[in-house]
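> Let's see this in three dimensions:
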Amino acid sequence: MIGGLITIAYVCQILLALKQIKHFNQIYACLRKQGKVAIGRRPGKVKSGTIAMFAINASGDILDAKLMQGVTVLAKFKDKETYIGENINHLTETHEKVQKENKLTQQAIIDARNLYLAVASKTYHEPTPLSPFTMIRAQLSGIFKKS
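Below you'll find the model as predicted:
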């Protein structure tokens with residue numbers, strides 16, 4: 001019986017995650033129609049994860065802004081109209097609108113800005129993800145080095 005409940009919970013988690021991915025793709029497609037899209041993220045393991053997306057014109061002005069923040073797959077994107085009209089180059093840690101946000105949102109906004117600038121300057125390189133085995137080996141070697 002416990003196995004059945006775990007299976008049902010797992011299937012529900014997968015279905016809700018697929019729904020969230022579909023929602024992300026719809027928002028991204030909508031923003032992409034307006035111009036380039038800068039995406040910043042602050043992944044959450046225990047705390048809530050945050051994704052900031054900005055539609056940007058050729059001069060760096062923000063045409064539309066969306067933010068998703070939450071712990072569960074039920075989180076949805078919300079409009080952040082306060083950033084419309086701002087230039088993405090000016091969204092730094094000291095910007096008054098950025099300072100009014102919570103720390104997780106600030107980190108996602110700064111990440112979007114930094115990634116946008118790196119891609120614009122052609123210095124951005126996608127990091128190569130580590131295989132699960134490599135990650136486990138690195139964690140185990142870290143544990144044994146501490147001992």
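
> for Lys78, helix, strand, or coil?
Three-state call for Lys78 (DSSP: H, G, I helix; E, B strand; the rest coil): strand.

> Could you do Val46 as well?
At Val46 the chain is in coil, as set by three-state DSSP.

> Could you give the bridge partners of Leu67?
On the basis of DSSP bridges, Leu67 is bridged to Ala52, Lys78.

> Report the contact partners of it.
Neighbouring residues of Leu67 by CB atoms under 8 Å, 6 or more residues apart in numbering: 50-53, 77-78, 80, 105, 108. C-betas here are computed from N, CA, C, even on glycine.

> What distance do you get for it to Met1?
Shown here: Leu67 relative to Met1, a distance of 41 Å by CB to CB, to the nearest Å.

> re earlier: now a PyMOL select for only the buried ones of the contacts of Leu67.
Selection of buried members from the contacts of Leu67 for PyMOL, criterion 16 or more other CB atoms under 10 Å:
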select buried, resi 50+51+52+53+77+80+105+108
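
> quick one: which of the contacts of Leu67 is nearest Phe133?
Nearest to Phe133 among those: Ile51, at 28.3 Å, using CB to CB.

> what residue ranges in the protein score low on pLDDT?
Filtered on pLDDT under 70, the chain yields the residue ranges 45, 142-147.

> Please name the nearest non-neighbouring residue to the residue most central in space within it.
Residue closest to the average C-alpha location in the chain (CA atoms, centre = their mean): Arg41, at 2.6 Å. With sequence-adjacent residues excluded and distances taken as CB to CB, 6 or more residues apart in numbering, Arg41 is closest to Ile51, at 5.0 Å.

> can you tell me which residues contact the one you found?
Taking CB under 8 Å, 6+ apart, we find Ile51 in contact with 24, 39-42, 67-69, 77, 108.

> Okay, and which of those residues map to helices?
24, 108 (DSSP state H).

> Which stretches in this protein count as helices?
Listed in chain order, the helices of the chain (DSSP H) span residues 2-32, 96-99, 103-120, 132-146.
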